[in-house]
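Participant: sequence plus predicted model, see below.
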Amino acid sequence: MIQKLIRDKFYCLAFIAGAGIWISLWLLGLSRSEITSPTLLIPFLSFVLIYPVTEEIIFRGYIQGLLLKRDFGLLSYYKLTVANLLTSSAFSLAHFAINNTWFSFLVFIPSLAFGYFRERYNTVIPSIILHVYYNLGFILFIG
């Protein structure tokens, strides 16, 4: 599986795009947090591992999986299925319900990438890897 992902130019592009966005935000002056306190280890691990895995299983595995079993869910527009668009909308709204900031709506864009790779490989593993990578970079560059 990993070899397939490494050879997938779109998957590699998704990794490069993530790094480009973090660096751009960091250069724009957003603060970078230093993770030095042991009390920050649990929130760090939650944000980087537990949340992405749980969210991908729920949103891409369960919700998007259910929508892909419906005829309307398979309809697509520029390789983005209705199932992916609806799941990404729900993902973004769930983040807004928790954070209530403009950033919550911005997660819609990476969510489309997570959904695209979930469908491309018919498993949530690529989206979990990408989601963990995005959250890790966000924490390290933005804080």
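Facilitator: Right, received. Where do you want to start?
Participant: so what secondary structure elements neighbour the helix or strand of the chain with the lowest mean pLDDT?
Facilitator: Least confident helix or strand, the chain: helix 103-106 with a mean of 78, by mean pLDDT, DSSP states H and E. Where contact means 3 or more C-beta pairs under 8 Å, 6 or more residues apart in numbering; DSSP states H and E, helix 103-106 is packed against helix 82-99. C-beta here means a position set from N, CA and C on the backbone, and glycine is covered the same way.
Participant: what mean pLDDT does the helix it packs on have?
Facilitator: Mean per-residue pLDDT for helix 82-99: 92.
Participant: and for stretch 7-21?
Facilitator: Stretch 7-21 comes out with an average pLDDT of 90.
Participant: swap in stretch 126-136?
Facilitator: The predicted model assigns stretch 126-136 a mean pLDDT of 94.
Participant: how long is stretch 44-59 from one end to the other?
Facilitator: End-to-end distance of stretch 44-59 (C-alpha to C-alpha, to the nearest Å): 21 Å.
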